[in-house]
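Participant: Pasting a predicted model and its sequence here:
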Amino acid sequence: MPKERAPRRRETAKADARRLEITNAAAQLFAERGVDRVSMDDIANEVGLAKPSLYHYFPAKEIILYAIQRAVMEPLLEQIEARVASSDSVEEKLFGIFQDAFESMDTHPGHVRVFFENIRLLDDEHRSGIRADQRRYEALVAEIIQQGIEQGVLRKADTHTTTFAFLSLINWAYHWYRKDGPLSHQELAKQFFEIYLHGVRLPAKA
């Protein structure tokens, strides 16, 4: 029995690796040209597959788009859940969220662009699943911020507004972030965290 399972595991791993290759290639094509202007033929050619073979891995372009959405959302959700459960301070948790987000933009820029700009193209079932994960993510950010308010680390303010101010700093950054820019994603995460936490106004002189 164990001898039979080993080849199956290898085949499964090989298929998973192929799906990842297809997803990565499609994300880049979608980001460069737009989802509507990329065909299954284009994706098949990009990864060196015959079109029927591509359909073996993904039955439709919309399923590839959904896989890209999952590839962005799942790691971020896992990371923030781990941060909420950790014993880190509120400041460390908020800084970590910036780090996670900017790292995602740095390592998967095409995925992130496609994620934010094309969720409307998913069917109702897939779109509702992604939206549910987004709401879960937002709720966890709000939980950390509320914790900071209660601890006196953050000033008293409407948690909903404060949460969306935090998320707006992250969610817009993919428009301008460049891997070869003057600041690394780590440096940008630190600057954004400092701006969110302290603002840009100089302390009043005594």
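Facilitator: Good, I have the coordinates. Numbering: from 1, shown residues only.

Participant: per the record, what domains does this protein have?
Facilitator: 1-59, 67-201 (automatic domain parsing).

Participant: Just give me the lowest mean pLDDT stretch among those domains.
Facilitator: Across the domains of the chain, domain 1-59 has the smallest mean pLDDT, namely a mean of 89.

Participant: Now do it: distance to the chain's middle.
Facilitator: On the basis of CA atoms, centre = their mean, to the nearest Å, domain 1-59 sits 20 Å off its chain's mean C-alpha point.

Participant: and what of stretch 154-167?
Facilitator: Counting by CA atoms, centre = their mean, stretch 154-167 comes out at 21 Å from the chain centroid.

Participant: If we go by neighbour counts, what in it is buried?
Facilitator: L154, T159, T162, T163, F166, L167 (16 or more other CB atoms under 10 Å). For every residue, glycine as well, the C-beta is placed using N, CA and C.

Participant: Compute the distance between A132 and L65, please.
Facilitator: 17 Å (CB to CB, to the nearest Å).

Participant: swap in M40?
Facilitator: 12 Å.

Participant: the more surrounded of the two?
Facilitator: L65 (25 against 17; other CB atoms under 10 Å).

Participant: Settle this for me: the more buried one is touching N118, isn't it.
Facilitator: Yes - contact criterion CB atoms under 8 Å: L65 and N118 qualify, at 6.2 Å.

Participant: what residues are shared contacts of these two?
Facilitator: F30, V35 (CB atoms under 8 Å, 6 or more residues apart in numbering).
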